[in-house]
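Visitor: no FASTA, just this:
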């Protein structure tokens, strides 16, 4: 995943350091107990230079997550937004992935996390397609996982470092069984999400997606709901069961990494005709225009990295 790291820097607690010199102590509270927050942010190549997709929304969520786990980030949002633009320029990137992360220090070790240093780092690197590029057209296969999504909304609804083990195990299970991704159910047996993606399905030209009771209200999810509503589709958030997915006309995942990716097979059975549906393709097209700076309608979603471009 990481290329040319010898020429890259990471911003750590107010200064840029070489990629390989950005280290975390073995006794860091976050390494031992998972108490920390992170974000996954994308920047795209446009005619005006690199542009970060929904930067302020990602930053707001990072601060909100940190606050929920009793962490006060020692930098302002404006500073962190500037850092995410600066790191992109410093690493000479046209497009790629940005990872802000908040972690606790190693001043002591124990479950109690008071009086520990709060550290903030931002990395950025090239981001090739998360899945096979052909997946955007041909779709992917998923399986119903034996791993359940967390029932605590604090865990399922925020990007907390220590809460992703279920997602990792679910994805591993899916890959071992020959699928591309996993489908996690919640404690009540309703569809939650993928291992790191929100899920949508289309039935009779209506779009359905799970409630956010036990899944992340993803920023890409929110964007797709906005686009679909603007295009006149009825978007319904409700508790969805496995059979709803089996019987839908088309389905797709959304997320920072996968963007909008069709799901064409569930537990070795085709969904609908077993190919990308018309609604999915239409949403993909509009979303692609938005992230590439070709849509005036959604231009406010982009923050241009170059200082010569007005946001």
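Guide: Done, it's in. If you're wondering where the values come from, they're calculated on a predicted model, not measured in any experiment.
Visitor: Is residue 43 in a helix, a strand, or coil?
Guide: Using DSSP: H, G, I helix; E, B strand; the rest coil, the three-state assignment for residue 43 comes out as strand.
Visitor: Give me the neighbour count for it.
Guide: 28 (other CB atoms under 10 Å). C-beta here means a position set from N, CA and C on the backbone, and glycine is covered the same way.
Visitor: How about the one 3 residues further on?
Guide: Burial of residue 46 is recorded as 19 neighbouring residues (other CB under 10 Å).
Visitor: for residue 115, same thing?
Guide: Neighbourhood size, residue 115 [other CB under 10 Å]: 8.
Visitor: confidence score at it?
Guide: Predicted confidence (pLDDT) at residue 115: the value is 92.
Visitor: Please tell me how far residue 75 sits from residue 107.
Guide: Counting by CB to CB, to the nearest Å, the separation of residue 75 from residue 107 is 19 Å.
Visitor: Looking at the two, which has the bigger crowd around it?
Guide: Comparing residue 75 with residue 107 by neighbour count (other CB under 10 Å), the higher total belongs to residue 75, at 15 against 12.
Visitor: List the contacts of the more buried one.
Guide: By CB atoms under 8 Å, 6 or more residues apart in numbering, the contact set of residue 75 is 14, 83, 120.
Visitor: In terms of pLDDT, where does it sit?
Guide: 98.
Visitor: Kindly indicate whether it is helix, strand or coil.
Guide: Three-state assignment for residue 75 (three-state DSSP): coil.
Visitor: Check the one 3 residues further on too.
Guide: Recorded secondary structure, residue 78: helix (three-state DSSP).
Visitor: Give me the phi and psi for residue 194.
Guide: Residue 194 adopts backbone torsions of phi -80, psi -170, taken as degrees, to the nearest 10.
Visitor: What's opposite it in the beta bridge?
Guide: According to DSSP bridges, residue 183 are recorded as the beta-bridge partners of residue 194.
Visitor: what about it, neighbour count?
Guide: By other CB under 10 Å, the burial measure for residue 194, its neighbour count, is 27.
Visitor: contacting residues for it?
Guide: For residue 194, the contacting residues are 142, 181, 182, 183, 184, 253, 255, by CB under 8 Å, 6+ apart.
Visitor: Now do it against residue 158, distance only.
Guide: In this structure, residue 194 and residue 158 are separated by 17 Å, where distance is defined by CB to CB.
Visitor: same thing with residue 61?
Guide: The separation that residue 61 has from residue 158, given CB to CB, amounts to 8 Å.
Visitor: Then residue 114?
Guide: In this structure, residue 114 lies at 20 Å from residue 158, with CB to CB as the measure.
Visitor: do the same with residue 180
Guide: 26 Å.
Visitor: Compare those two and say which is more crowded by neighbours.
Guide: Neighbours per residue (other CB under 10 Å) separate residue 180 from residue 158, with residue 180 holding more: 22 against 19.
Visitor: Chain neighbours aside, what residue packs nearest to the more buried one?
Guide: In this structure, residue 180 finds its nearest non-sequential neighbour in residue 140, 3.9 Å apart by CB to CB, 6 or more residues apart in numbering.
Visitor: mind checking the SS state of the residue in the chain sticking out farthest from the centre?
Guide: Distance from the centre of the chain peaks at residue 108, with 31.6 Å (CA atoms, centre = their mean). Using three-state DSSP, the three-state assignment for residue 108 comes out as coil.
Visitor: Can you verify my assumption that it contacts residue 33?
Guide: No. Residue 108 is beyond contact range of residue 33, at 11.9 Å (criterion: CB atoms under 8 Å).
Visitor: Quick check: the gap between the closest residue to residue 3 other than its chain neighbours and residue 168.
Guide: Leaving aside its sequence neighbours, residue 3 sits nearest to residue 126 (CB to CB, 6+ apart; 5.8 Å). Distance of residue 126 to residue 168, given as CB to CB: 23 Å.
Visitor: And for residue 121?
Guide: 21 Å.
Visitor: With neighbour numbers in mind, choose between the two.
Guide: Comparing residue 121 with residue 168 by other CB under 10 Å, the one with more neighbours is residue 121, at 19 against 13.
Visitor: Show the pLDDT at residue 307.
Guide: Listed pLDDT for residue 307 reads 65.
Visitor: from now on call the first residue 8
Guide: Taking 8 as the first residue, the last one we looked at is residue 314.
Visitor: So residue 286, which state does it fall into?
Guide: The three-state assignment at residue 286 reads helix, by three-state DSSP.
Visitor: OK, contacts around it?
Guide: For residue 286, the contacting residues are 209, 212, 214, 240, 257, by CB under 8 Å, 6+ apart.
Visitor: quick one: which of those residues sit in strands?
Guide: Mapping the contacts of residue 286 onto strands (DSSP state E) picks out 209, 214, 257.
Visitor: How many neighbouring residues does the second one have?
Guide: Residues lying near residue 214 (other CB under 10 Å) number 24.
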